[in-house]
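[1] Please find the sequence and the predicted model below.
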Amino acid sequence: MRKTLIIGATSAIAQDLAKLFAEAGDAICLVARSENKLKILADDLQLRGASSVAMQSMDVLEYERHQSVLDTAVEALDGLDLVVIAHGTLPDQAACQRSPGLTKQEFEVNALTTISLLTNLANYFEEKQRGSIVVISSVAGDRGRQSNYVYGAAKGAVTIFLQGLRNRLSKSGVNVVTVKPGFVDTPMTADFPKGALWASSERVAQDINKAIDGQKSVAYVPWFWRYIMLIIKSIPEMVFKKLSL
C-alpha cells in the first residue's frame, strides 16, 4: 500500500491523479484550500478503493504551516512514499504588466510556495532514503514568451529548482519528477479557445501516473510537447523577438 500526499488536491489534474491512486489502493492525504471540495473528493476516493483518505485545509501562502501540514500527513498515513505538488494559478499577463504587486503575488503562488514545500519535503525524504516527489511545472517555463512570461518565469524557477533537487536526492534513492504539461482543458482554462494541441486533464493524469511508475525525471505531457518545446527553444533570439508567441 502506497502512502501518498497531494498538495493542491482539488485542481483538475490532481483530482484525476487522485482517482488513479485510489483505484490502486493508496492511502491518501489531500491538502487544498476548500474544505467543501476536499470532502467531496475524499468521499469519491473512498468509493474508488482508497485504503484511507485524510484531508487538511491550507492556503499555500501560509508558509508557517508548511512543516506542520507535512508532519500531520506523515502521522495520518504513518509515513510517506509519494508526494504530488499540483497547486497554482494562471495569471493575467496584461494585468501583471501593469502591476508589480500582482506580478510578485503570482510569482509567489506559482514558485516560492512550491520551493518552500519542497525544501521541507526534501529533508524528510533524504532522511528516509526513498520515495518520490512529483511537481507539476509547465512547458511555459522552458522559454520566456511575451504572452505568459510571468507564469513562465515562475514555472521556470520551479523547474531549475527541481533539477538541482533531483541531482541532490538521487544519491539518497529519492526520485524527483518534473511534470511539464502543455495546454490542458481544465476549469482554469475554460475561457481559452481549444485546438488540436489541447489535452484533457484525465489524459494528462494518466501520463503523469505512467511517469511516476516509470521513475522518469522529466515528463512532458502529452509527450509531443517535448518536441514542440525543443523547436521553440532552438529559435535564435534575433528571430524569436519578432514572433508573437
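    Ah, there it is.
[2] if I look at the closest residue to Trp198 other than its chain neighbours, how far off is Glu237?
    Sequence neighbours aside, Phe183 is the residue nearest to Trp198 in space, at 4.5 Å (criterion: Cβ to Cβ, 6 or more residues apart in numbering). The way it works is simple: take the backbone N, C-alpha and C, and place the C-beta from them, glycine included. Shown here: Phe183 relative to Glu237, a distance of 24 Å by Cβ to Cβ, to the nearest Å.
[3] and the residue nearest to Trp198, what are its phi and psi?
    Dihedral pair for Phe183: phi -80, psi 120, per degrees, to the nearest 10.
[4] Residue numbering should commence at 21 henceforth.
    Renumbered: residue one is now 21, and that last one reads Phe203.
[5] Could you report the distance from Lys124 to Val170?
    10 Å.
[6] between the two, which one's more packed in?
    A count of neighbours by other Cβ atoms under 10 Å puts Val170 above the other of Lys124 and Val170, at 21 against 13.
[7] Regarding the protein, what is its longest helix?
    helix 169-189 (DSSP state H).
[8] need the strands for the protein, in chain order.
    Here the chain has its strands, by DSSP state E, at 23-27, 47-52, 72-77, 102-105, 151-156, 194-201, 204-205, 219-220, 238-241.
[9] what would the ones you listed look like in a markdown table with mean pLDDT, mean neighbour count and distance to Ile248?
    Compiled in a markdown table, the strands of the chain are given as follows (pLDDT from 0 to 100; neighbours: other Cβ atoms under 10 Å; distance: least, Cβ to Cβ, whole Å):
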| stretch | mean pLDDT | mean neighbour count | distance to Ile248 |
| --- | --- | --- | --- |
| strand 23-27 | 98 | 26 | 28 |
| strand 47-52 | 98 | 26 | 31 |
| strand 72-77 | 98 | 18 | 37 |
| strand 102-105 | 98 | 24 | 24 |
| strand 151-156 | 98 | 24 | 18 |
| strand 194-201 | 98 | 23 | 11 |
| strand 204-205 | 90 | 18 | 14 |
| strand 219-220 | 94 | 17 | 13 |
| strand 238-241 | 98 | 22 | 8 |
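[10] I'd like the ones you listed as TSV, with distance to Gln35 appended.
    Converted to TSV, the strands of the chain look like this (distance: least, Cβ to Cβ, whole Å):
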stretch	distance to Gln35
strand 23-27	9
strand 47-52	9
strand 72-77	13
strand 102-105	11
strand 151-156	13
strand 194-201	14
strand 204-205	12
strand 219-220	12
strand 238-241	16
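[11] chain center to the helix or strand of the chain with the lowest mean pLDDT: distance?
    One helix or strand of the chain scores below all others by mean pLDDT, DSSP states H and E: strand 204-205, with a mean of 90. For strand 204-205, the separation from the chain centroid amounts to 14 Å (computed by Cα atoms, centre = their mean, to the nearest Å).
[12] all helices of the chain, in order?
    32-43, 55-68, 86-97, 113-118, 120-127, 133-148, 169-189, 221-233, 245-254, 257-260.
[13] buried sites along the third one?
    Neighbour counts using 16 or more other Cβ atoms under 10 Å place 86-87, 89-90, 92-94, 96-97 of helix 86-97 among the buried residues.
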